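Colleague: predicted model and sequence below, questions to follow.
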2 protein chains.
Amino acid sequence: MSSQSQQRGELESALAKRQLIMLPGPTNVPDRILSAMSKPMINHRGPEFRELLTRISQNAQYAFQTKKDVFVFSSSGTGGVEAAFQNIISPGDKVLVPVFGLFSQRMKEIIEVCGGVPVEITCEWGSGPTPSQVEEKIKKEKVKAVGLVYNETSTGTTVRGLKEIAKIAKDNGALIVVDAISILAGDECPVDKWNIDICITGSQKCLAAPPGVALVSVSEDAWNTVRRTKIGSVYFSLINMKESLDKGETPFTPAIPVFYALDEALCMLIEEGLGNRIRRHRICAEAFYAGLPAMGLKLFAEDAFRSNMVIAVRNPDGLDDKTFLTNLRRKYRVIISGGMGKLKGQTYRIGNMGSISPDEVITTIGCMGSALMDAGIKADVGAGILAAREKFTNY
Amino acid sequence: MSSQSQQRGELESALAKRQLIMLPGPTNVPDRILSAMSKPMINHRGPEFRELLTRISQNAQYAFQTKKDVFVFSSSGTGGVEAAFQNIISPGDKVLVPVFGLFSQRMKEIIEVCGGVPVEITCEWGSGPTPSQVEEKIKKEKVKAVGLVYNETSTGTTVRGLKEIAKIAKDNGALIVVDAISILAGDECPVDKWNIDICITGSQKCLAAPPGVALVSVSEDAWNTVRRTKIGSVYFSLINMKESLDKGETPFTPAIPVFYALDEALCMLIEEGLGNRIRRHRICAEAFYAGLPAMGLKLFAEDAFRSNMVIAVRNPDGLDDKTFLTNLRRKYRVIISGGMGKLKGQTYRIGNMGSISPDEVITTIGCMGSALMDAGIKADVGAGILAAREKFTNY
């Protein structure tokens, strides 16, 4: 197998020394969660799995701040978003969708593929929709639902007016579907209090579990629509999910190891407390937002839309992003993302999620600074670290 | 957390002592594969994942015996079947589908949900379709595709005429879509040689990995249809998958731990050799088929359709299946399945898959015999084990 061993170059090298995964998902996964996955298989139609799924659903209700069922699909987060729209859209239904990055563009595409007609609000990338924009549009066009990406991973922006937008949707007889994949458990998202009809998250973001499952909550209003919708998917049927969940099962064979991991991750969330986790994300984000400009980098997102989960910075003039990212990965073992879509080459994105702590923030700022200097770009690393460190005084 | 600990009763008890998972999937997963999942996360848009996915796809080609691309969806096997039909069915397309158990019923449902019109061949449960039945039907009704469940997990039957059925489909201008979820790598399924257009398998059956991904191969004829089909799903789009695979990626965040596991599982398949693995499944199946009747149990499937992956036996008169299965699980720690659908209470199903070896066969027969005696049912355990053991003489 020596030729096979040689083939393992990049992967084995990545695993040989621990990398700092500062991506906007997946994140660094605590060892406790990783080891949970090496448990043996169980019968997914037996009492063991029933117990596992029941506990996961209950603990997920805590994360979502909801009393409604939370369903766990074996898919990526995008699968969860597709599930949401497959279950509520009938051909020709209008859905209002603000587009301000790649993931909201994808949501629009999903709406179309499900037979819906997107009513688009276009926003500058780096900003996002405001409640008044949504209100103006919804008064003009009767829509069945509003679809909103709460945190745009592609631009590092959070829609700060979600609470108000959800109210506007409800007041105008529309469902509100929220893609909270990269934000739930990292910032405020009280599903019942804000009357969010369908809320979707993924395992690999602020929950700090590996990717592989999507979690979806469904309100009573949403069920009223779901029951009347002829769905174009078997795999993503919420009716199937509900029937199975009531028996403590999933309709189809679940990704058992990821369920083990999610279970452990949710127990860790409960131990920490949702409020504490949100506070930790906020403080670490503040440290990034203080440290990176102090070092000389320019932030990308508008102040009012800055995300606590994804920190986007502009690529300094004259810096080749690929070379920079490769150097950061190879020499410093810190993995961040480049820009997506039309921001390719223009931004970097740092994930500030899951098990994020001051250590990772400081290491990332420090290593990014060193890598900038390697590339001949001026960077005041000392000032950057000092400014970040100040935010941790009362951590 | 003491109340939480108490809640863990069934699950922790299942994990405390190793159970023998003799289900028709998931199967017992070798430790080597389980531990592969505790590796840290990697960037799914970086060179490490590119290397992982490229190796998986290449090794999957060996398992499928194909030179065509094999795509890996983060979903259950059913997701893979849905992907197949979402990508080739346009509204009103006729698809021939033999129905002879729950999974072929589900395939029919998927065809309908995708907008297709199923042209059904109904077969007795415990048997399956013959090439002549398919030929007769296809001559009468022009269909776009034939959808076939190669191994019906719900009844323990294998369609022995797949090679001929695939040829009949091609000769009549139809695509052939094969659900090989519970059979690929456990029995003959040479995709290219038999001209199978779309072949689907899951990770948790004969590959002995945990559940969480579906593998799908696509022929050139299938691509010609895929390219002309307006698909009603973003998540299951093969066009997206192909574009991403060419870059060494998946369109959406993959279930990384299951990819690690699948990688290890495919390496183990290569080490063993596909022919040897198929032979091992066959010999172990022969041992079950000899041992169980020798002990006094009646087999369910017709001789000509007996599966080497799922051994179905009839429930003896007067035996409560739930009590029997619970006793087998609690006292003997052997997990087999009951009947599905209309066979509930009437059959038991034993998985003979993945890492199956003489040890598991003998233990299962022995423990089933003891549990039968516990329930006051006559069972000649000695004769059963002897008859099974004879099949292993040249193992």
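Modeller: Arrived safely, thanks for sending. Model, not experiment: these values are computed from the prediction. Numbering: from 1, shown residues only, chains lettered A, B, ... in the order given.

Colleague: residues in contact with A:Gly25?
Modeller: Contacts for A:Gly25 were tallied using C-beta atoms under 8 Å, 6 or more residues apart in numbering or on different chains; they are A:Thr153, A:Ile181, A:Ser182, A:Gly202, A:Gln204, A:Lys205, A:Pro211, A:Gly351, A:Met353, B:Thr253. The way it works is simple: take the backbone N, C-alpha and C, and place the C-beta from them, glycine included.

Colleague: show the backbone phi and psi for it.
Modeller: Backbone geometry at A:Gly25, expressed as degrees, to the nearest 10, gives phi 100, psi 130.

Colleague: cool, A:Val216 as well?
Modeller: As for A:Val216, its main-chain torsions (degrees, to the nearest 10) stand at phi -140, psi 120.

Colleague: distance between the helix of greatest length in chain A and the chain's centre?
Modeller: If you go by DSSP state H, chain A has its longest helix at helix A:274-295. Counting by C-alpha atoms, centre = their mean, to the nearest Å, helix A:274-295 is centred 17 Å from the centre of its parent chain.

Colleague: ok, stretch A:151-159 next?
Modeller: 9 Å.

Colleague: also stretch A:263-281?
Modeller: Stretch A:263-281 sits 15 Å away from the centroid of its parent chain (C-alpha atoms, centre = their mean).

Colleague: can you pull the pLDDT of the nearest residue to A:His281 once chain neighbours are set aside?
Modeller: Excluding the flanking residues, the one nearest A:His281 by C-beta to C-beta, 6 or more residues apart in numbering or on different chains is A:Gly186, at 4.3 Å. The model reports A:Gly186 with a pLDDT of 98.

Colleague: contacts only, for A:Gly186.
Modeller: Neighbour list for A:Gly186: A:Lys205, A:Cys206, A:Arg277, A:Ile278, A:His281, A:Asn308, A:Met309, A:Met353 [criterion: C-beta under 8 Å, 6+ apart].

Colleague: quick one: low-confidence ranges for chain A?
Modeller: Counting by pLDDT under 70, chain A shows low-confidence ranges at A:1-8.

Colleague: what about the strands in it?
Modeller: Assigned by DSSP state E, the strands in chain A fall at A:20-21, A:70-73, A:94-99, A:117-122, A:145-149, A:151-152, A:157-158, A:175-179, A:198-202, A:214-218, A:310-314, A:334-335, A:337-338, A:347-351.

Colleague: rebuild those strands as a markdown table, extending it with mean neighbour count and distance to chain B.
Modeller: Below are those laid out as a markdown table (neighbours: other C-beta atoms under 10 Å in any protein chain shown; distance: least, C-beta to the nearest C-beta, whole Å):
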| stretch | mean neighbour count | distance to chain B |
| --- | --- | --- |
| strand A:20-21 | 22 | 5 |
| strand A:70-73 | 24 | 8 |
| strand A:94-99 | 24 | 14 |
| strand A:117-122 | 17 | 13 |
| strand A:145-149 | 29 | 13 |
| strand A:151-152 | 32 | 15 |
| strand A:157-158 | 28 | 20 |
| strand A:175-179 | 27 | 13 |
| strand A:198-202 | 29 | 7 |
| strand A:214-218 | 27 | 10 |
| strand A:310-314 | 26 | 14 |
| strand A:334-335 | 23 | 5 |
| strand A:337-338 | 20 | 7 |
| strand A:347-351 | 26 | 10 |
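
Colleague: is A:Lys342 in contact with A:Gly126, as I believe?
Modeller: No - look at A:Lys342 against A:Gly126 with C-beta atoms under 8 Å: they stay out of range, at 11.2 Å.

Colleague: can you list the residues of the stretch 201-350 of chain A near chain B?
Modeller: Within the stretch 201-350 of chain A, the positions lying close to chain B (C-beta under 8 Å from any C-beta of the partner chain) are A:202, A:204, A:210-213, A:231-236, A:251-258, A:261, A:267, A:271, A:329, A:335, A:337.

Colleague: any of these buried? List them.
Modeller: Among those, those scoring as buried are A:202, A:204, A:210-213, A:231-236, A:251-258, A:261, A:267, A:329, A:335, A:337 (criterion: 16 or more other C-beta atoms under 10 Å in any protein chain shown).

Colleague: just the ones of these in helices?
Modeller: A:Ile256, A:Pro257, A:Val258, A:Ala261, A:Cys267, A:Arg329.

Colleague: I'd say the last one and A:Ile335 touch.
Modeller: Going back to what we said before, that points to A:Arg329. Yes - using C-beta under 8 Å, A:Arg329 is in contact with A:Ile335, at 5.6 Å.

Colleague: pick out the most distant pair among the contacts of A:Gly186.
Modeller: Farthest pair in the contacts of A:Gly186 (C-beta to C-beta) is A:Lys205 and A:Ile278. Separation: 13.2 Å.

Colleague: between the two, which contacts overlap?
Modeller: Common contacts of A:Lys205 and A:Ile278 (C-beta under 8 Å, 6+ apart): A:Ala185, A:Gly186.

Colleague: in terms of neighbours, single out the busier of these two.
Modeller: Ranked by neighbour count (other C-beta atoms under 10 Å in any protein chain shown), A:Lys205 and A:Ile278 place A:Lys205 first, with 29 against 18.

Colleague: contacting residues for that one?
Modeller: For A:Lys205, the contact set (C-beta under 8 Å, 6+ apart) comprises A:24-25, A:27, A:77, A:181-186, A:309, A:353-354.

Colleague: make TSV out of these and add distance to A:Met368.
Modeller: What follows is the contacts of A:Lys205, written out as TSV (distance: C-beta to C-beta, whole Å):
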residue	distance to A:Met368
A:Pro24	15
A:Gly25	19
A:Thr27	17
A:Gly77	27
A:Ile181	25
A:Ser182	21
A:Ile183	23
A:Leu184	27
A:Ala185	26
A:Gly186	21
A:Met309	18
A:Met353	17
A:Gly354	19
